[in-house]
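Enquirer: Model the following, please.
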Amino acid sequence: MRVGIIGLPQTGKTTVFNAITGAHGEVGVHGRAGTHLGAVKVPDERMDFLVNLFAPKKTRPATIEFEDIGGMFAHLGPEAQDNTQAVATARTMDALSMVLRVFADPTVPHIFQSVNPARDFARMNEEMLLADLGVVEKRIEHIKKDIIRCPATEREPLQEEMDLLEHCRQAIELSSSISSVKMTATEEKMVRSYAFLTLKPFIYVLNEGEDQIGRPQVAAGLENLDPAPVVMYGKLEMELMALEPQDREAFMRDSGLEELSANKVARLCYKALDVRTFFTYAHDEVGAWTIHAGDTAVAAAGRVHTDMAHGFVKAEVVRSENLKAAGSLKEAKARGKVRLEGRDYVVQDGDVITFRFTA
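Expert: Residues are numbered from 1 along each chain as shown. As a prediction, the model looks like this:
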(Lines give C-alpha, C1' and ligand atoms only; values in the text may rest on other atoms or scores of the structure.)
Protein backbone atom coordinates (compact mmCIF):
# COMPACT_ATOMS: atom_id res chain seq x y z
CA MET A 1 0.00 0.00 0.00
CA ARG A 2 1.31 3.41 -0.97
CA VAL A 3 -0.05 6.56 0.68
CA GLY A 4 0.92 10.00 -0.53
CA ILE A 5 1.11 12.85 2.00
CA ILE A 6 -0.01 16.16 0.51
CA GLY A 7 -0.59 19.65 1.85
CA LEU A 8 -0.13 23.33 1.25
CA PRO A 9 3.33 24.85 1.73
CA GLN A 10 4.05 25.80 5.36
CA THR A 11 1.60 23.26 6.84
CA GLY A 12 4.23 20.98 8.38
CA LYS A 13 3.66 18.25 5.81
CA THR A 14 7.22 16.90 5.95
CA THR A 15 7.18 17.18 9.74
CA VAL A 16 4.08 14.98 9.75
CA PHE A 17 5.79 12.55 7.37
CA ASN A 18 8.78 12.33 9.72
CA ALA A 19 6.47 11.86 12.72
CA ILE A 20 4.68 8.98 11.00
CA THR A 21 7.68 7.16 9.54
CA GLY A 22 10.54 8.10 11.84
CA ALA A 23 12.40 9.35 8.75
CA HIS A 24 14.48 12.51 8.58
CA GLY A 25 13.08 14.41 5.63
CA GLU A 26 14.32 17.98 5.43
CA VAL A 27 11.76 20.35 6.91
CA GLY A 28 11.31 24.03 6.26
CA VAL A 29 11.85 23.74 2.48
CA HIS A 30 8.93 25.67 1.12
CA GLY A 31 7.13 24.24 -1.88
CA ARG A 32 10.10 22.22 -3.17
CA ALA A 33 9.18 19.55 -5.71
CA GLY A 34 10.34 16.00 -4.98
CA THR A 35 9.52 13.27 -2.50
CA HIS A 36 10.63 11.59 0.70
CA LEU A 37 9.96 7.89 1.15
CA GLY A 38 9.33 5.92 4.34
CA ALA A 39 7.58 2.79 5.57
CA VAL A 40 5.61 2.07 8.72
CA LYS A 41 5.06 -1.27 10.38
CA VAL A 42 1.36 -1.72 11.03
CA PRO A 43 0.74 -2.45 14.74
CA ASP A 44 -1.32 -5.61 15.20
CA GLU A 45 -1.86 -7.50 18.45
CA ARG A 46 -2.62 -10.67 16.47
CA MET A 47 0.82 -10.53 14.90
CA ASP A 48 2.36 -10.08 18.35
CA PHE A 49 0.50 -13.16 19.59
CA LEU A 50 1.68 -15.31 16.67
CA VAL A 51 5.28 -14.23 17.18
CA ASN A 52 5.06 -15.19 20.86
CA LEU A 53 3.38 -18.49 19.99
CA PHE A 54 5.72 -19.70 17.25
CA ALA A 55 8.92 -17.85 18.28
CA PRO A 56 10.06 -17.62 14.66
CA LYS A 57 13.56 -16.69 13.57
CA LYS A 58 12.12 -14.18 11.13
CA THR A 59 9.07 -11.93 11.09
CA ARG A 60 7.45 -10.05 8.25
CA PRO A 61 5.00 -7.44 9.59
CA ALA A 62 2.57 -5.66 7.29
CA THR A 63 3.81 -2.25 6.21
CA ILE A 64 2.44 0.89 4.63
CA GLU A 65 4.70 2.96 2.38
CA PHE A 66 4.36 6.70 2.79
CA GLU A 67 5.53 9.26 0.27
CA ASP A 68 5.90 12.92 1.17
CA ILE A 69 4.92 14.55 -2.12
CA GLY A 70 6.59 17.93 -2.37
CA GLY A 71 5.30 20.74 -4.57
CA MET A 72 1.73 19.49 -4.95
CA PHE A 73 0.34 22.98 -4.35
CA ALA A 74 3.52 24.95 -4.97
CA HIS A 75 1.78 26.91 -7.73
CA LEU A 76 -0.30 28.62 -5.02
CA GLY A 77 2.75 30.00 -3.27
CA PRO A 78 4.49 33.30 -3.96
CA GLU A 79 6.91 31.71 -6.44
CA ALA A 80 4.13 29.91 -8.39
CA GLN A 81 6.26 26.80 -9.05
CA ASP A 82 5.19 24.10 -11.50
CA ASN A 83 3.37 21.18 -9.83
CA THR A 84 3.03 18.83 -12.82
CA GLN A 85 5.38 16.15 -11.49
CA ALA A 86 3.85 16.25 -8.00
CA VAL A 87 0.34 15.77 -9.40
CA ALA A 88 1.55 12.86 -11.55
CA THR A 89 3.12 11.25 -8.47
CA ALA A 90 -0.07 11.70 -6.44
CA ARG A 91 -2.05 9.90 -9.15
CA THR A 92 0.05 6.76 -8.61
CA MET A 93 -0.83 6.52 -4.90
CA ASP A 94 -3.38 4.07 -3.47
CA ALA A 95 -4.60 6.76 -1.06
CA LEU A 96 -3.81 10.34 -0.13
CA SER A 97 -3.28 11.85 3.32
CA MET A 98 -4.08 15.55 3.42
CA VAL A 99 -2.26 17.60 6.08
CA LEU A 100 -4.19 20.61 7.36
CA ARG A 101 -2.43 23.25 9.44
CA VAL A 102 -3.96 24.13 12.78
CA PHE A 103 -0.86 25.26 14.68
CA ALA A 104 -0.06 28.95 15.01
CA ASP A 105 3.55 30.04 14.58
CA PRO A 106 4.47 33.60 13.58
CA THR A 107 7.90 32.40 12.47
CA VAL A 108 6.25 30.16 9.85
CA PRO A 109 3.89 32.42 7.90
CA HIS A 110 0.92 30.81 6.20
CA ILE A 111 0.85 31.33 2.42
CA PHE A 112 -2.69 32.75 2.77
CA GLN A 113 -1.63 34.98 5.72
CA SER A 114 -3.88 33.27 8.28
CA VAL A 115 -4.51 29.83 9.77
CA ASN A 116 -7.84 28.47 8.54
CA PRO A 117 -7.86 24.70 7.90
CA ALA A 118 -11.42 24.65 6.51
CA ARG A 119 -10.42 27.22 3.89
CA ASP A 120 -7.24 25.29 3.10
CA PHE A 121 -9.22 22.06 2.67
CA ALA A 122 -11.65 23.74 0.28
CA ARG A 123 -8.80 25.29 -1.72
CA MET A 124 -6.90 22.03 -2.08
CA ASN A 125 -10.05 20.16 -3.04
CA GLU A 126 -10.76 22.82 -5.66
CA GLU A 127 -7.27 22.48 -7.11
CA MET A 128 -7.58 18.70 -7.34
CA LEU A 129 -10.96 19.00 -9.05
CA LEU A 130 -9.37 21.35 -11.60
CA ALA A 131 -6.53 18.86 -12.16
CA ASP A 132 -9.09 16.10 -12.78
CA LEU A 133 -11.06 18.38 -15.07
CA GLY A 134 -7.94 18.82 -17.18
CA VAL A 135 -7.68 15.04 -17.59
CA VAL A 136 -11.37 14.76 -18.51
CA GLU A 137 -11.26 17.52 -21.10
CA LYS A 138 -8.06 16.23 -22.69
CA ARG A 139 -9.51 12.72 -23.03
CA ILE A 140 -12.78 14.04 -24.47
CA GLU A 141 -10.87 15.91 -27.17
CA HIS A 142 -8.94 12.75 -28.06
CA ILE A 143 -12.15 10.72 -28.27
CA LYS A 144 -13.77 13.27 -30.57
CA LYS A 145 -10.86 12.92 -33.01
CA ASP A 146 -10.91 9.11 -32.73
CA ILE A 147 -14.64 8.98 -33.48
CA ILE A 148 -14.10 10.91 -36.70
CA ARG A 149 -11.23 8.69 -37.82
CA CYS A 150 -12.49 5.23 -36.83
CA PRO A 151 -15.00 2.99 -38.70
CA ALA A 152 -18.66 3.40 -37.70
CA THR A 153 -18.66 -0.09 -36.15
CA GLU A 154 -16.05 1.01 -33.58
CA ARG A 155 -17.66 4.26 -32.51
CA GLU A 156 -20.16 2.99 -29.95
CA PRO A 157 -17.71 2.25 -27.09
CA LEU A 158 -15.96 5.56 -27.72
CA GLN A 159 -19.26 7.41 -27.60
CA GLU A 160 -20.16 5.64 -24.33
CA GLU A 161 -16.84 6.66 -22.82
CA MET A 162 -17.28 10.24 -23.93
CA ASP A 163 -20.82 10.38 -22.51
CA LEU A 164 -19.48 9.16 -19.16
CA LEU A 165 -16.69 11.72 -19.17
CA GLU A 166 -19.20 14.45 -19.98
CA HIS A 167 -21.10 13.47 -16.83
CA CYS A 168 -17.83 13.65 -14.90
CA ARG A 169 -17.13 17.10 -16.32
CA GLN A 170 -20.57 18.32 -15.32
CA ALA A 171 -20.02 17.06 -11.76
CA ILE A 172 -16.65 18.79 -11.47
CA GLU A 173 -18.05 22.05 -12.82
CA LEU A 174 -20.61 21.89 -10.02
CA SER A 175 -17.72 21.38 -7.53
CA SER A 176 -18.84 17.79 -6.93
CA SER A 177 -16.57 14.77 -6.77
CA ILE A 178 -16.61 12.34 -9.67
CA SER A 179 -17.82 9.74 -7.16
CA SER A 180 -21.19 11.55 -7.19
CA VAL A 181 -21.76 10.38 -10.79
CA LYS A 182 -23.97 7.28 -11.03
CA MET A 183 -22.03 4.55 -12.82
CA THR A 184 -22.23 0.87 -13.63
CA ALA A 185 -19.46 -1.48 -12.48
CA THR A 186 -17.94 -1.33 -15.97
CA GLU A 187 -18.02 2.46 -15.97
CA GLU A 188 -16.43 2.60 -12.52
CA LYS A 189 -13.57 0.43 -13.74
CA MET A 190 -13.13 2.68 -16.78
CA VAL A 191 -13.11 5.86 -14.69
CA ARG A 192 -10.61 4.48 -12.20
CA SER A 193 -8.15 3.86 -15.01
CA TYR A 194 -7.72 7.65 -15.20
CA ALA A 195 -6.40 7.78 -11.61
CA PHE A 196 -8.49 10.83 -10.73
CA LEU A 197 -7.21 12.50 -7.57
CA THR A 198 -10.67 13.15 -6.17
CA LEU A 199 -11.66 9.49 -6.49
CA LYS A 200 -8.86 8.27 -4.26
CA PRO A 201 -9.46 7.30 -0.61
CA PHE A 202 -8.48 10.18 1.67
CA ILE A 203 -7.43 10.49 5.26
CA TYR A 204 -6.97 13.83 6.99
CA VAL A 205 -4.35 14.93 9.51
CA LEU A 206 -4.81 18.08 11.61
CA ASN A 207 -1.33 19.32 12.47
CA GLU A 208 -1.77 20.88 15.92
CA GLY A 209 0.67 22.68 18.18
CA GLU A 210 1.70 20.91 21.37
CA ASP A 211 -0.03 23.61 23.41
CA GLN A 212 -3.28 21.85 22.40
CA ILE A 213 -2.39 18.49 23.97
CA GLY A 214 -5.22 17.28 26.15
CA ARG A 215 -7.83 19.48 24.51
CA PRO A 216 -7.85 18.60 20.81
CA GLN A 217 -10.83 19.68 18.76
CA VAL A 218 -11.81 19.38 15.13
CA ALA A 219 -11.46 22.76 13.44
CA ALA A 220 -14.62 24.63 12.54
CA GLY A 221 -15.93 23.67 9.13
CA LEU A 222 -14.31 20.23 9.15
CA GLU A 223 -16.77 18.47 11.47
CA ASN A 224 -18.28 16.42 8.63
CA LEU A 225 -15.08 15.09 7.10
CA ASP A 226 -15.24 11.35 6.51
CA PRO A 227 -13.23 9.72 7.89
CA ALA A 228 -12.80 11.98 10.89
CA PRO A 229 -9.35 13.62 10.95
CA VAL A 230 -6.44 12.39 13.04
CA VAL A 231 -5.13 15.07 15.38
CA MET A 232 -1.32 15.08 15.35
CA TYR A 233 1.18 17.21 17.22
CA GLY A 234 3.61 17.07 14.33
CA LYS A 235 6.69 18.86 15.65
CA LEU A 236 6.58 17.15 19.06
CA GLU A 237 5.87 13.70 17.61
CA MET A 238 8.69 14.07 15.08
CA GLU A 239 11.07 14.78 17.96
CA LEU A 240 9.68 11.82 19.91
CA MET A 241 10.16 9.46 16.95
CA ALA A 242 13.84 10.38 16.93
CA LEU A 243 14.29 9.05 20.49
CA GLU A 244 15.05 5.52 21.65
CA PRO A 245 11.83 3.64 22.57
CA GLN A 246 12.50 3.67 26.32
CA ASP A 247 13.20 7.41 26.32
CA ARG A 248 10.22 8.06 24.07
CA GLU A 249 7.78 6.48 26.53
CA ALA A 250 9.01 8.69 29.36
CA PHE A 251 8.71 11.86 27.28
CA MET A 252 5.24 10.83 26.11
CA ARG A 253 4.10 10.50 29.69
CA ASP A 254 5.56 13.89 30.53
CA SER A 255 3.86 15.45 27.49
CA GLY A 256 0.48 13.86 28.19
CA LEU A 257 0.43 11.83 24.96
CA GLU A 258 -1.22 8.42 25.31
CA GLU A 259 -0.35 7.18 21.81
CA LEU A 260 1.70 8.38 18.88
CA SER A 261 -0.43 9.38 15.93
CA ALA A 262 1.52 7.11 13.57
CA ASN A 263 -0.47 4.13 14.85
CA LYS A 264 -3.77 5.97 14.36
CA VAL A 265 -2.80 6.96 10.82
CA ALA A 266 -1.84 3.36 9.93
CA ARG A 267 -5.17 2.01 11.19
CA LEU A 268 -7.07 4.70 9.31
CA CYS A 269 -5.21 3.89 6.09
CA TYR A 270 -6.33 0.26 6.41
CA LYS A 271 -9.91 1.37 6.87
CA ALA A 272 -9.82 3.85 4.00
CA LEU A 273 -8.34 1.27 1.61
CA ASP A 274 -10.73 -1.45 2.80
CA VAL A 275 -7.99 -4.05 3.13
CA ARG A 276 -7.77 -7.24 5.16
CA THR A 277 -4.85 -8.87 6.97
CA PHE A 278 -4.09 -12.57 6.97
CA PHE A 279 -1.13 -14.32 8.56
CA THR A 280 1.20 -17.16 7.66
CA TYR A 281 3.65 -19.36 9.55
CA ALA A 282 6.06 -21.39 7.49
CA HIS A 283 9.79 -22.09 7.36
CA ASP A 284 10.25 -20.53 10.79
CA GLU A 285 8.77 -17.19 9.64
CA VAL A 286 5.60 -15.41 10.71
CA GLY A 287 4.21 -13.00 8.16
CA ALA A 288 1.33 -10.52 7.94
CA TRP A 289 -0.09 -9.85 4.49
CA THR A 290 -2.67 -7.42 3.17
CA ILE A 291 -5.31 -8.18 0.56
CA HIS A 292 -8.42 -6.43 -0.69
CA ALA A 293 -11.82 -7.30 0.72
CA GLY A 294 -13.27 -10.20 -1.27
CA ASP A 295 -9.92 -11.66 -2.38
CA THR A 296 -9.80 -15.45 -2.61
CA ALA A 297 -7.37 -17.97 -1.18
CA VAL A 298 -5.48 -18.32 -4.45
CA ALA A 299 -5.08 -14.53 -4.65
CA ALA A 300 -3.80 -14.50 -1.05
CA ALA A 301 -1.32 -17.26 -1.92
CA GLY A 302 -0.03 -15.09 -4.75
CA ARG A 303 0.66 -12.28 -2.25
CA VAL A 304 3.08 -14.59 -0.44
CA HIS A 305 4.69 -16.08 -3.55
CA THR A 306 3.63 -16.54 -7.15
CA ASP A 307 4.58 -20.25 -6.99
CA MET A 308 1.97 -20.76 -4.27
CA ALA A 309 -0.74 -19.35 -6.52
CA HIS A 310 0.35 -21.28 -9.61
CA GLY A 311 0.54 -24.61 -7.78
CA PHE A 312 -2.29 -23.96 -5.29
CA VAL A 313 -3.88 -27.11 -3.85
CA LYS A 314 -5.54 -26.20 -0.56
CA ALA A 315 -5.43 -23.60 2.20
CA GLU A 316 -5.27 -24.76 5.81
CA VAL A 317 -7.11 -22.03 7.71
CA VAL A 318 -7.62 -21.23 11.38
CA ARG A 319 -9.04 -18.02 12.81
CA SER A 320 -6.47 -16.13 14.88
CA GLU A 321 -8.89 -15.82 17.82
CA ASN A 322 -9.53 -19.59 17.75
CA LEU A 323 -5.81 -20.26 17.68
CA LYS A 324 -5.32 -17.94 20.63
CA ALA A 325 -8.12 -19.60 22.59
CA ALA A 326 -6.65 -23.05 21.90
CA GLY A 327 -3.13 -22.00 22.84
CA SER A 328 -1.41 -24.04 20.13
CA LEU A 329 -1.94 -25.15 16.55
CA LYS A 330 -2.07 -28.77 17.69
CA GLU A 331 -4.88 -28.04 20.15
CA ALA A 332 -6.75 -25.93 17.58
CA LYS A 333 -6.71 -28.95 15.24
CA ALA A 334 -7.91 -31.19 18.05
CA ARG A 335 -10.85 -28.83 18.63
CA GLY A 336 -11.76 -28.89 14.95
CA LYS A 337 -10.91 -25.22 14.43
CA VAL A 338 -8.52 -25.83 11.54
CA ARG A 339 -10.18 -26.44 8.19
CA LEU A 340 -9.19 -26.96 4.56
CA GLU A 341 -10.45 -24.46 2.01
CA GLY A 342 -10.29 -24.37 -1.79
CA ARG A 343 -9.02 -21.72 -4.17
CA ASP A 344 -12.32 -19.80 -4.19
CA TYR A 345 -12.49 -19.36 -0.42
CA VAL A 346 -12.84 -15.67 0.44
CA VAL A 347 -10.09 -14.86 2.93
CA GLN A 348 -11.25 -13.18 6.12
CA ASP A 349 -9.46 -10.61 8.23
CA GLY A 350 -7.46 -12.46 10.89
CA ASP A 351 -7.16 -15.81 9.10
CA VAL A 352 -3.96 -17.75 9.78
CA ILE A 353 -3.22 -19.74 6.64
CA THR A 354 -0.81 -22.48 5.61
CA PHE A 355 -0.89 -22.92 1.84
CA ARG A 356 -0.50 -26.35 0.32
CA PHE A 357 0.86 -26.20 -3.20
CA THR A 358 2.84 -28.14 -5.77
CA ALA A 359 6.18 -26.79 -6.89
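Enquirer: per-residue pLDDT, P216?
Expert: Here, the pLDDT recorded for P216 equals 65.
Enquirer: Could you do Q81 as well?
Expert: pLDDT for Q81: 77.
Enquirer: any idea how far it is from I69?
Expert: Distance from Q81 to I69, counting by CB to CB, to the nearest Å: 13 Å. All C-beta spots, glycine's among them, are computed from the backbone N, C-alpha and C.
Enquirer: can you check L50 too?
Expert: For L50, the distance to I69 - CB to CB - is 34 Å.
Enquirer: The two: which is more packed in?
Expert: Between L50 and I69, counted using other CB atoms under 10 Å, I69 has the larger neighbour count: 28 against 23.
Enquirer: Assign the more buried one to helix, strand or coil.
Expert: What DSSP: H, G, I helix; E, B strand; the rest coil gives for I69 is strand.
Enquirer: right, and it touches G4 too?
Expert: Yes - between I69 and G4 there is a contact at 4.8 Å, judged by CB atoms under 8 Å.
Enquirer: list residues touching both of these two?
Expert: T89, A90, M93 (CB atoms under 8 Å, 6 or more residues apart in numbering).
Enquirer: For L206, give me its contacts.
Expert: If you count contacts by CB under 8 Å, 6+ apart, L206 has them with L100, V102, P117, P216, V218, A219, L222, P229, V230, V231, M232.
Enquirer: Phi first, then psi, for the third one.
Expert: When quoted as degrees, to the nearest 10, the phi and psi of P117 stand at phi -60, psi -30.
Enquirer: before we move on, what about the last one?
Expert: According to degrees, to the nearest 10, the main-chain angles of M232 amount to phi -130, psi 140.
Enquirer: which residues does it form a beta bridge with?
Expert: M232 forms beta bridges with N207, as assigned by DSSP bridges.
Enquirer: confidence score at it?
Expert: In the prediction, the pLDDT value recorded for M232 is 93.
Enquirer: what about it, how many residues close to it?
Expert: Neighbour count of M232, defined by other CB under 10 Å: 26.
Enquirer: so it touches V205, yeah?
Expert: Yes - the pair M232 / V205 is scored as a contact, 5.2 Å apart, by CB under 8 Å.
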